[in-house]
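Enquirer: sequence first, then the predicted structure:
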Amino acid sequence: MVWAIASHHPDRCHGVANLCVPYLPKGEAPENYLPFVDRTLYPEDKFPAGQWEYQLFYQENFSAACAAFEANPRDTVKALFRKGDAAARGQPARTALIRKNGG
């Protein structure tokens, strides 16, 4: 959101601080992330959208994704803001398995 505000209203924005999402001039869409996928970790035949498979699941199954999020808002927030796992370093992200696992 901060990138969009800065690009659409530069006269109202002195600067941007964003610690998580890169600026993509073409917009925040899975197809614009594909050049950044590490294909050694995310082979295209297994993970066409790399770690962003979850975004495609959301686009393709919007109602199911919403129902899953809304079934237990507390658990959804806990899953989104959980502590990292050092043992998972160098392994495909959980987000890369969302479409493969059906949500």
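Expert: Arrived safely, thanks for sending. In this text the structure is predicted, and so the values were computed from the model without any measurement.
Enquirer: helices of the chain, start to end?
Expert: Ranges of helices within the chain are 2-8, 30-33, 53-60, 62-71, 73-80, based on DSSP state H.
Enquirer: who wins for proximity to Ala96 among the ones you listed?
Expert: Taking Cβ to Cβ as the measure, these were each checked against Ala96, and helix 53-60 came out nearest at 4.9 Å. Placement of C-beta: from N, CA and C, glycine included.
Enquirer: could you give me the buried positions within that closest one?
Expert: Of the residues in helix 53-60, those scored as buried under the neighbour-count criterion (16 or more other Cβ atoms under 10 Å) are 53-55, 57-58.
Enquirer: mind putting these into TSV with pLDDT and distance to Ala88?
Expert: Output for the buried residues of helix 53-60, formatted as TSV (pLDDT from 0 to 100; distance: Cβ to Cβ, whole Å):
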residue	pLDDT	distance to Ala88
Glu53	94	16
Tyr54	91	16
Gln55	90	20
Phe57	94	20
Tyr58	91	22
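Enquirer: that older thread, and among the helices of the chain, the most buried is which?
Expert: Stretch with highest mean neighbour count among those: helix 53-60 (a mean of 17; mean count of other Cβ atoms under 10 Å).
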